[in-house]
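Student: when you get a sec, could you give me coordinates for this:
(chains A, B, C and D)
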Number of protein chains: 2
Amino acid sequence: MKELAAELGVSTATVSNAFNRPDQLSPQLRQRVFREAKRLGYNGPDAKARSLRTGRSQIIAVILAESLTYSLNDAVASELLSGIAEVLDEQHHTLLLLSGRQSPGQLPGSMSIADGFIVYGLMPSLELIDTLPPSRPLVAVDFNLDNQPTVHVDNLPASRAIADHALAQRPRRVGIITLRLTEQPCNGRVTEDLAWLTSGQTITRERLDGFYQALEAHDMAPASVPVWNVEENTHEVCAPVIAAILDLPDDERPDLLLCMSDRLALTALTLAEQRGLRVPEDLRLTGFDGIAEGQYRAPRLTTVRQNSVEKGRIAARIILGLDPAKDQRLDTELVIGESCP
Amino acid sequence: MKELAAELGVSTATVSNAFNRPDQLSPQLRQRVFREAKRLGYNGPDAKARSLRTGRSQIIAVILAESLTYSLNDAVASELLSGIAEVLDEQHHTLLLLSGRQSPGQLPGSMSIADGFIVYGLMPSLELIDTLPPSRPLVAVDFNLDNQPTVHVDNLPASRAIADHALAQRPRRVGIITLRLTEQPCNGRVTEDLAWLTSGQTITRERLDGFYQALEAHDMAPASVPVWNVEENTHEVCAPVIAAILDLPDDERPDLLLCMSDRLALTALTLAEQRGLRVPEDLRLTGFDGIAEGQYRAPRLTTVRQNSVEKGRIAARIILGLDPAKDQRLDTELVIGESCP
DNA sequence: CTGAAAGCGCTTACAG
DNA sequence: CTGAAAGCGCTTACAG
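Tutor: Numbering: from 1, shown residues only, chains lettered A, B, ... in the order given. Alright, predicted model coming up:
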């Protein structure tokens, strides 16, 4: 820039103004600056210097509780990111992706470059959050953080509603499949010795509480309903647990599975098909999330649609100061598919 | 930092060294610096200033030819990003996500903050690439860029191989479904008046050339094989085109569909199921990519597996200087599923 | 082992 | 409409 200014015989302030404040100089001079810049291969002010000087980088960091690998391949996280990206794009901001699963000492220092932080999901340790610059905006998605705005859906009433729907036609045997319900990792049937996370800690617990309310309303004892847990919402991790359920003898196998995610329900659907179990005749399935894949397979999933894209949009709008920085709760929608009519 | 140094009675250089060069000061002093830093709420050197001073930000930008919304929801792009993220994480770098679909004037200036650029897929205009700082490393993925290293698979032989496999059992009627083959957008049957992109421009054309070689090797005239094109690799955009194919009268409907992506093949599979067409008995299907979803549905897809995660890893390694900056070609693997045994 | 000083490339309030 | 100057918060070569 200095070089360019010298070449043009103007000050660096003028060059800077040419790029940032068109009204501060004549259009002719501005054009001359641009022409000369192009000739010298100067593509505008350096972002590093600009961000140091102005204090803003136009970068928003998204901190994901899961690994990036998992999040990028998870439909719900991808939709959330889409919504965020959409708003950031519009507002000429960019997206920096970070995982909260870093070893504590290894946090990339580049984190602090961001103008704001969207934190998605409860991570193993909140330590990371403490190291974020306190002056910059932060919004939590799908979990609660003291004194910070959060964007989320009302999990309990939503899961209550879908369970009510499913239980209206009385099943012989119900089963529930949860995601990361227990304090200790568990892939399989949840036994009594395992402690559960609280509903303040995880949306899984909120959803389970909704199921339990519905069971009670239908005169079924929650304690009599077996719960299986899965640690990761991927086909690979879900499949063995679900296979074990479906391979139970006919008089033990549930004919209704309430699943905490569409991925779980879809995996159950695939494994049921492979075993010649008909859905919904032999096995009814409900999901949660409303991901696209669940709606374009046959049978379509009965599920709770949460608008993850919109969740992302709102989080981004709060971070950018376009929406007020307060808690936002999104509505959900019960979607009745053929998997549990 | 100045404040912290003053508080401690040392110079800012010492504080800086405490964070960056442990060997430059006594452990005792270092601990004292950390304690005091914590007390004052100082979380280490500011990334903006550091990056300006050192010239490096520890940020790598990925520029996606498609919109972020599309890319985040596309399995292949997500796998690529996973591979990139995995290596960047290890190396304490972070990922900045950018779309190449920006309106030209609206490019976020924050782009130039990155230490290197991974460009995925051919974008509508190469203008954007010209504005990248020429001194920083750049690697292209899945397309060619003059004088820049590229990471890609050998599309032509791979598609030749899968078509050879499919044609070995002679079909009555073959159909081909392409992705963005034509210069002008086209969703549906490709008519003669539409110009095709060249194989230098798009991997779609390379794949089509592979199909054509296989057709000729099996004494079938490529010109006699109908080609349908789809502009976006999503269920929503693919479905109407494929529905039209499947709804052709029995004596016109292909009994073998060579699809350029697994998404296309999976959409065909779903729509075929809905119409009571049996796969592979009534309709054989081949895909391309080898995404997970294609391998855990029944029937599993016959496809070409390309290791997109590894592609991402390699691109990241090149950008970080861990691998030599030269063209890398990855092997593919023919996967025989039940959709075309 | 520690500190004084230069400078990374900008933007901006201010003076002219 | 234009320019001189300060300073954003660091790192680093160098002197001590």
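
Student: so where do the strands sit in chain A?
Tutor: Under the criterion DSSP state E, chain A contains strands at A:59-64, A:94-99, A:116-120, A:138-141, A:150-153, A:174-179, A:188-189, A:227-230, A:256-259, A:284-286, A:303-306, A:328-330, A:332-335.

Student: quick one: closest of these to chain B.
Tutor: Chain B sits nearest to strand A:94-99 of all the strands of chain A, at 4.5 Å, using CB to the nearest CB. In short, each C-beta sits where N, CA and C put it, glycine included.

Student: that closest one to strand B:59-64, inter-axis angle?
Tutor: 110 degrees (axes from the mean of the first three to the mean of the last three CA atoms, to 10 degrees).

Student: burial count for the closest residue to A:Val15 other than its chain neighbours?
Tutor: Once flanking residues are discounted, A:Val15 sits nearest to A:Ala5: 4.9 Å by CB to CB, 6 or more residues apart in numbering or on different chains. A total of 18 residues lie near A:Ala5 under the criterion other CB atoms under 10 Å in any protein chain shown.

Student: hmm, back to that, can I get the strands of chain A in JSON lines with distance to B:Arg35, mean pLDDT and mean neighbour count?
Tutor: Converted to JSON lines, the strands of chain A look like this (distance: least, CB to CB, whole Å; pLDDT from 0 to 100; neighbours: other CB atoms under 10 Å in any protein chain shown):
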{"stretch": "strand A:59-64", "distance to B:Arg35": "26", "mean pLDDT": "96", "mean neighbour count": "26"}
{"stretch": "strand A:94-99", "distance to B:Arg35": "27", "mean pLDDT": "94", "mean neighbour count": "24"}
{"stretch": "strand A:116-120", "distance to B:Arg35": "26", "mean pLDDT": "96", "mean neighbour count": "25"}
{"stretch": "strand A:138-141", "distance to B:Arg35": "26", "mean pLDDT": "96", "mean neighbour count": "24"}
{"stretch": "strand A:150-153", "distance to B:Arg35": "33", "mean pLDDT": "94", "mean neighbour count": "21"}
{"stretch": "strand A:174-179", "distance to B:Arg35": "40", "mean pLDDT": "97", "mean neighbour count": "24"}
{"stretch": "strand A:188-189", "distance to B:Arg35": "46", "mean pLDDT": "96", "mean neighbour count": "14"}
{"stretch": "strand A:227-230", "distance to B:Arg35": "42", "mean pLDDT": "97", "mean neighbour count": "23"}
{"stretch": "strand A:256-259", "distance to B:Arg35": "49", "mean pLDDT": "98", "mean neighbour count": "29"}
{"stretch": "strand A:284-286", "distance to B:Arg35": "53", "mean pLDDT": "98", "mean neighbour count": "26"}
{"stretch": "strand A:303-306", "distance to B:Arg35": "45", "mean pLDDT": "97", "mean neighbour count": "25"}
{"stretch": "strand A:328-330", "distance to B:Arg35": "39", "mean pLDDT": "95", "mean neighbour count": "15"}
{"stretch": "strand A:332-335", "distance to B:Arg35": "47", "mean pLDDT": "96", "mean neighbour count": "16"}
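
Student: between those strands, which gets nearest to B:Asp282?
Tutor: strand A:284-286 (27.4 Å; CB to CB).

Student: does that closest one come close to chain B?
Tutor: No: using CB under 8 Å from any CB of the partner chain, strand A:284-286 stays clear of chain B, coming no nearer than 15.4 Å.

Student: quick revisit: out of the strands of chain A, the one nearest DNA strand C is which?
Tutor: For DNA strand C, the closest of these is strand A:59-64, at 15.1 Å, according to CB to the nearest atom of the strand.

Student: show the contacting residues for A:Val10.
Tutor: A:29, A:33 (CB atoms under 8 Å, 6 or more residues apart in numbering or on different chains).

Student: next, format the strands of chain A as TSV and append distance to B:Leu271.
Tutor: Putting the strands of chain A into TSV (distance: least, CB to CB, whole Å) gives the following:
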stretch	distance to B:Leu271
strand A:59-64	34
strand A:94-99	34
strand A:116-120	34
strand A:138-141	35
strand A:150-153	31
strand A:174-179	29
strand A:188-189	36
strand A:227-230	31
strand A:256-259	25
strand A:284-286	22
strand A:303-306	21
strand A:328-330	32
strand A:332-335	20
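
Student: figure out which of those is closest to B:Ala85.
Tutor: Nearest of those (CB to CB): strand A:94-99, 6.9 Å.

Student: each with direction, which strands does that closest one pair with?
Tutor: strand A:59-64 (parallel), strand B:94-99 (antiparallel) (DSSP bridges).

Student: and the angle for that strand with strand A:116-120?
Tutor: Going by the same axes, to 10 degrees, strand A:94-99 makes 40 degrees with strand A:116-120.

Student: residue ranges with poor pLDDT in chain A?
Tutor: Within chain A, the stretches falling below the threshold (pLDDT under 70) are A:103-107.

Student: what residue is smack in the middle of it?
Tutor: A:Ala77 (3.6 Å; CA atoms, centre = their mean).

Student: ok, that residue touching A:Leu68?
Tutor: No: counting by CB atoms under 8 Å, A:Leu68 is not a contact partner of A:Ala77; they are 9.6 Å apart.

Student: can you pull the contacts of A:Leu269?
Tutor: Counted by CB under 8 Å, 6+ apart, A:Leu269 has contacts A:279, A:285, A:297, A:299, A:301, A:339.

Student: now the fifth one. Nearest residue, chain neighbours left out?
Tutor: With CB to CB, 6+ apart as the measure, A:Gly294 is the residue that lies nearest to A:Leu301, at 3.7 Å, once sequence neighbours are left out.

Student: that neighbour and A:Leu285 touch, don't they?
Tutor: No: A:Gly294 is beyond contact range of A:Leu285, at 9.9 Å (criterion: CB under 8 Å).

Student: list the residues that contact both of the two?
Tutor: Common neighbours of A:Gly294 and A:Leu285 (CB under 8 Å, 6+ apart) are A:265, A:301.

Student: tell me how far A:Ala325 lies from B:Gln295.
Tutor: Distance of A:Ala325 to B:Gln295, given as CB to CB, to the nearest Å: 44 Å.

Student: hang on, the earlier thing: now render the strands of chain A as a markdown table, adding distance to DNA strand C.
Tutor: Output for those, formatted as a markdown table (distance: least, CB to the nearest atom of the strand, whole Å):
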| stretch | distance to DNA strand C |
| --- | --- |
| strand A:59-64 | 15 |
| strand A:94-99 | 16 |
| strand A:116-120 | 18 |
| strand A:138-141 | 24 |
| strand A:150-153 | 30 |
| strand A:174-179 | 46 |
| strand A:188-189 | 53 |
| strand A:227-230 | 49 |
| strand A:256-259 | 51 |
| strand A:284-286 | 53 |
| strand A:303-306 | 39 |
| strand A:328-330 | 31 |
| strand A:332-335 | 42 |
